[in-house]
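Quick one: sequence and predicted model below, then my questions.
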Amino acid sequence: MANHPDAAKTGDLKLSSITKSFGDFLAVDDLDLVIPKGSFFALLGPSGCGKTTTLRMIAGLEEPTSGKIYLGDTDLTDTKSYRRPVNTVFQNYALFPHLTIFENVAFGLRRRGIKEVKESVEKVLALVELAHLRDRKPTQLSGGQQQRIAVARAIVNRPALLLLDEPLGALDLKLRRQMQIELKWIQTEVGITFVHVTHDQEEAMTMADTIAVMNEGRIEQLGSPADLYENPKTAFVANFLGQSNFIKGTVESTSGADQFVNLQGTRIAIPAARNSSTHKSLLVGIRPEKFRIHNVGDATTGNKLEGGVVTDISFVGVSTQYQVEMPWKQELMIFEQNDGGAPNLRKGDAVTLSWEPHFTFALDGDEDVKSGLAGVDGE
Amino acid sequence: MTRWLSKNLIRIYAALAFIYLFIPVAYTMAFSFNDSGKRNLIWQGFTFKNWLNPCGAPEVCTALGNSIKIGFLATLFSTILGTMIAFALGRYSFRGRNTTNLLIFLPMATPEIVLGASLLAMFLNLGINPGFWTTVIAHVMFCISFVVVTVKARIASLDPKLEEAARDLYATEWQTFRRVTLPLVAPGIAAAALLAFSLSFDDFIITNFNSGTVNTFPKFVWVSSARGVPAQANVIGSAMFLIALAIVISAQIYSSAKARRLQKKH
C-alpha cells in the first residue's frame, strides 16, 4: 500500500541539474529550479521546449537521465510515481471512463486504503460546484465540467504539489478565461503548490506568481509576470511575452546609474540596471505601448527619436496602432491609448517618438531579434 | 412508379438481403418440427416430438456435450494465453515483436485442412493418441490468433494517459491493471472469448483429424448427413440460435434501459 507522506512536512520543490534525453534529443538540459512551497508557478514555453517533460519527471512518470528531485529534504528521484505526494491534472483530463464521477474523485483516496471517502469526495465536488453530477460517467460531462473533475480528483488527495499539464488547452477562449480565475481561486483556497505548464503567455501571466520561461530544455528567465514583461533578459523572453521593438545601438558612456547609448545616431539614456549586457553593441528594446507619438516640434520628455514617418494606422478600439518608418529604414510599432492624448495623424505625417528611459531594456547586440516569435505565431 | 422505386429501393434491397441471410436458418428451424422419423429431408408433418426429446437420436447429446466441454476449455486457455500475448505485443517493445506479430497471423492464413493434417502427424509422431485433449490443444492453437487480434485492437484504443493517471493517483502497477486497464480492456476480452467459443464449437476440419473416436456436434452432423440428419440436430442448431438471439436482445434492452435511467435522473 502506498503511503502518503504528510504534505505539511514537505517544503520547496528543488530540481538539481536535471537532464533528460530521448536518444539523441536533449529534452531537458541541466535544469536547476526551486519552486517555493505554496506558490503558483508556471513553466512557460513553446511546444518542444521541455516543459512537459520536466513536469512528467516531477510526477515520476518519466525518469531523469541525470540529476535529482527533492521535495523539502526528501529525495524523490527514485520514488515511484504512486508513492509521491504529487498529483497531476492531465492535458485531456484522463478521467476513467468506466467509473462514475464520484469513483473517479475517490480513486486516489481508495488506493491509499482510506475507507471513509464520502465526506472528502463530496466536499471537493462542492468546491468545484459539481456535486449534482456525482453519479454520471465522464463522457456525459462537458469539457469544462471534465476539467473541474480532473482538478477535484487531484486536490482531494491534498498533495504537496499539484501539477497542471496544459489544463485549459482543450477549452474555448471564454471558458478558459473563467477557468483561469477559478483555478487561481482554488489554489488560494487549498494552499497547495501549483506547477502549471503552458505555452499560452497570457494564461501564465494571469495565474502564476512566478513564471519560468523555458526554451530548448533550459530556463531562459525566471521571475514575476511583471518582471519578465518589463525587464526581459533575452530576445526570446521579450518576444514570447508580448511584442517589442528592437533597435541596434552602441554604448557611448556610463555616468553613475545612467548609460548613454548611440541609437542609430541619436543619444539616449538607459538606466544601467536595465542593461543586461556587458557588450558595447546592444539591442535596445522598447515595448510598443511605451512609445508616445508627437507632431514634429511638440514638447517631449525622456528619450526622443526624430524623423519618423507614419506608414500605417489601425484603430483597434482601446488603442490605435501605428507603424512608423525611421530614417534608418526600420519600421517601429507604436500603441497609443485612445484617450485623446495622441495627435490626429494620417499616413505620411512626419512624427517624433518619445519614451521614458526606465521603460527601455537592453540586450546583447548579438541576440536574435526573431527568437521566440514562432511560439507567438503558433498560438 | 420510378419515384416510388427510388424512394424505397434501399428498403427492398435490405429486405432481399435479409431473406437471403435468413432462409437457411428458417429452413433449419422449420425442419426441427418435422415429424420425420429417421430421414429429415422431406416434410412429413408438424410435431413437437423432437423438441420434447432433443436427445432422442443416438449420440446427439454426447456429441453436443463434448463440443461444449471442448469449446469451454479451448475458450478458457486461448483467452488467457491470447490476452497475455496481446498485452505483451500491444504494450511492450522487445526484440522480435514484429516477427511475433506476423507469426500470430499465420494460423489464420493457413488452410485449416493443412493445419489439421499436420497436427495429426505431429501427435502421431509424438506417440499421442488423438482424442479429447488433442482436440482441445488443436482448438486452443487456432483460437489464440483470433483472441490476440481482438484484444490487441482494444488495447491499442486505450489511452495510456489513463494508466499514468492511475499511477499518479497512488495505484501500484497491480492496482492500475486491476482497476483501470482490465476493466477497460474487458469488453475486448469478452468479445474474444465469445469468438473463440463459436470458432471451437463450429470447427469440423481440424477436429475431424485430431479427435480420434471422440464425437463432437459438427462431426455428428457430418457423419449422419450420409443417411439424413436427424431432426434433433435441427432442434439443437435452432436452440443455439435462439439462445444467442435472446442474449443479444436482452443486452440491448439492458443497455437502453440503463441509458433511459440516466436520462431520467438528470
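On my side now, so go ahead. Numbers count the residues shown, from 1 in each chain, chains lettered A, B, ... in the order given.

Setting aside sequence neighbours, what's the nearest residue to B:Ile206?
Leaving aside its chain neighbours, B:Ile206 sits nearest to B:Gly116 (4.0 Å; criterion: C-beta to C-beta, 6 or more residues apart in numbering or on different chains). Yep, even glycine has a C-beta here, placed from its N, CA and C like the rest.

and the one you found, how many neighbours?
Look at B:Gly116: counted by other C-beta atoms under 10 Å in any protein chain shown, it has 20 neighbours.

Tell me which helix or strand it sits in.
Using DSSP states H and E, B:Gly116 maps to helix B:112-125.

in that helix, what counts as buried?
Buried residues in helix B:112-125, defined by neighbour count with 16 or more other C-beta atoms under 10 Å in any protein chain shown: B:112, B:115-116, B:119-120, B:123.

same thing with stretch A:46-61?
Here stretch A:46-61 shows A:46, A:49-61 as buried, counting by 16+ other C-beta under 10 Å.

Which stretches in the stretch 51-200 of chain A count as helices?
Taking DSSP state H, counting those that start in this stretch, the helices of the stretch 51-200 of chain A run over residues A:51-59, A:101-111, A:118-127, A:143-155, A:173-190.

next one: phi and psi at B:Ala171?
Main-chain torsions, B:Ala171, degrees, to the nearest 10: phi -90, psi 130.

hang on, the earlier thing: in CSV: the helices of the stretch 51-200 of chain A, plus mean pLDDT and distance to chain B.
Shown next, in CSV, are those (pLDDT from 0 to 100; distance: least, C-beta to the nearest C-beta, whole Å):
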stretch, mean pLDDT, distance to chain B
helix A:51-59, 94, 6
helix A:101-111, 95, 4
helix A:118-127, 92, 13
helix A:143-155, 91, 7
helix A:173-190, 86, 17
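
coming back round to it: identify, from the buried residues of stretch A:46-61, the entry nearest to B:Gly127.
Distance to B:Gly127, by C-beta to C-beta, is smallest for A:Leu61 among the buried residues of stretch A:46-61, at 53.4 Å.

That closest one and A:Ala204, how far apart?
22 Å (C-beta to C-beta, to the nearest Å).

likewise B:Phe18?
Using C-beta to C-beta, B:Phe18 is found at 60 Å from A:Ala204.

Reformat the helices of the stretch 51-200 of chain A as JSON lines; add distance to B:Ile104.
Listed next are the helices of the stretch 51-200 of chain A as JSON lines, based on distance: least, C-beta to C-beta, whole Å:
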{"stretch": "helix A:51-59", "distance to B:Ile104": "33"}
{"stretch": "helix A:101-111", "distance to B:Ile104": "34"}
{"stretch": "helix A:118-127", "distance to B:Ile104": "43"}
{"stretch": "helix A:143-155", "distance to B:Ile104": "37"}
{"stretch": "helix A:173-190", "distance to B:Ile104": "46"}
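
okay, now residue 72: neighbour count?
Defaulting to chain A. There are 15 residues near A:Gly72, going by other C-beta under 10 Å.

The intended chain is chain B.
So B:Phe72, with other C-beta under 10 Å, has 14 neighbours.

That one: what's it in contact with?
When the contact criterion is C-beta atoms under 8 Å, 6 or more residues apart in numbering or on different chains, the partners of B:Phe72 are B:Phe197.

hang on, it in a helix?
Yes: counting by DSSP: H, G, I helix; E, B strand; the rest coil, B:Phe72 is located in a helix.

more crowded one of B:Phe18 and A:Ala204?
Neighbour totals were compared for B:Phe18 and A:Ala204, and A:Ala204 leads with 27 against 10 (other C-beta under 10 Å).

helix, strand or coil for the more buried one?
Quick answer, by three-state DSSP: A:Ala204 is helix.

Tell me which residues touch it, please.
Counting by C-beta under 8 Å, 6+ apart, A:Ala204 has contacts A:42, A:44, A:196, A:198, A:211, A:225.

Including neighbour count, distance to A:Gln140 and pLDDT, could these go into CSV?
Below are these laid out as CSV (neighbours: other C-beta atoms under 10 Å in any protein chain shown; distance: C-beta to C-beta, whole Å; pLDDT from 0 to 100):
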residue, neighbour count, distance to A:Gln140, pLDDT
A:Ala42, 27, 32, 95
A:Leu44, 29, 34, 94
A:His196, 26, 28, 93
A:Thr198, 22, 28, 93
A:Ile211, 28, 36, 95
A:Pro225, 20, 37, 94
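
Residue 63 - nearest residue in space that isn't next to it in sequence?
Just so you know, I chose chain A. With sequence-adjacent residues excluded and distances taken as C-beta to C-beta, 6+ apart, A:Glu63 is closest to A:Met57, at 7.2 Å.

Chain B is the one I meant
Per C-beta to C-beta, 6+ apart, closest to B:Ala63 is B:Phe220, 3.7 Å.

Equivalent analysis for A:Leu125, please.
A:Leu125's closest residue in space is A:Ala131 (C-beta to C-beta, 6+ apart), at 4.4 Å.

Please look at that neighbour and A:Glu122 and confirm they touch.
Yes: applying C-beta atoms under 8 Å, one finds A:Ala131 in contact with A:Glu122, separated by 6.3 Å.

give me the number of residues near residue 221?
Using chain A. By other C-beta under 10 Å, the residues close to A:Gln221 number 22.

Chain B is the one I meant
Other residues lying near B:Val221 total 18 when counted by other C-beta under 10 Å.

Going by neighbour count, list what's buried in stretch A:281-296.
Neighbour counts using 16+ other C-beta under 10 Å place A:282-294 of stretch A:281-296 among the buried residues.

Which of those residues sits closest to chain B?
Distances from chain B to these, taken as C-beta to the nearest C-beta, are shortest for A:Arg287 (39.2 Å).

Show the contacting residues for B:Val25.
Contacts of B:Val25 (C-beta under 8 Å, 6+ apart): B:Phe241.

quick one: it from A:Ala269, how far?
95 Å.

Verify the stated contact: the residue nearest to B:Ile206 with B:Phe204.
No: between B:Gly116 and B:Phe204 there is no contact under C-beta under 8 Å: 9.4 Å.

residue with max distance from the center of chain A?
Distance from the C-alpha centroid of chain A, by C-alpha atoms, centre = their mean, peaks at A:Gly297 (41.0 Å).

in a strand, that's where that residue is, yeah?
No: if the criterion is three-state DSSP, then A:Gly297 is coil and not within a strand.
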